[in-house]
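> task: produce atomic coordinates for the following.
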Amino acid sequence: MPRVDFVLALDFATKTGWAWGSPGGFIKAGVRRLSPPGSSAQETLLAWAEWLEELIEEKGPALIAYEHPISHSVNVNGADLAKQLHGVLLLVAGRAGVPVRHLYPSALKKHFAGSGKASKKDMIAEARAFARGELDHIIKDDNEADALGMLSWALEVALEEVKNG
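Okay, here's the model as predicted:
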């Protein structure tokens, strides 16, 4: 059963930033490597699906918010994998009945750091300010910072949209 105000936020890639929390201030975040380097796309996608299913079952989010993958990457294999991870996310969330919302990278940067062209360093600084006192570690990774930015947006904007239908 979904928790009314609980949000799972993701910045997905083979090294996925994740954050979960609620408007009351409970926040957890981190980075997860979906599969060891050199794994096939199939192994990575299976690991992603299994992890998402576990998180949904364990945490029961009312919403999953994610940074939408961009398709004009110079790394064709990375862009293809991002699209495949996106499809798996939509499938797993749909099967579980969990609504999803997304932002494109520039919109996420504008929301969180005030500029659609914010640097990774800017996003990490904003994430540290947002999660101040909530995490038991220092945020060093832009994937985790982006997931915290998505959590910020979801708690401020998207969760209300989902609750209000």
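
> so residue 47 belongs to a helix, correct?
Yes. According to DSSP: H, G, I helix; E, B strand; the rest coil, residue 47 belongs to a helix.

> give the contact list for it.
The contact partners of residue 47, taken as C-beta atoms under 8 Å, 6 or more residues apart in numbering, are 34-35, 39. C-beta: built from backbone N, CA, C; applies to glycine.

> what is the subsequent helix or strand relative to the helix or strand where residue 147 lies?
Element membership for residue 147 (DSSP states H and E) is helix 142-153. Downstream of helix 142-153, the first helix or strand assigned by DSSP H and E is helix 159-163.

> average pLDDT for that next one?
Average pLDDT, helix 159-163: 75.

> residue 20 - how many residues pack around it?
Here the number of neighbours of residue 20 (other C-beta atoms under 10 Å) works out to 22.

> secondary structure class for it?
Criterion first, three-state DSSP; result for residue 20: strand.

> not counting its neighbours along the chain, what's nearest it?
residue 8 (4.9 Å; C-beta to C-beta, 6 or more residues apart in numbering).
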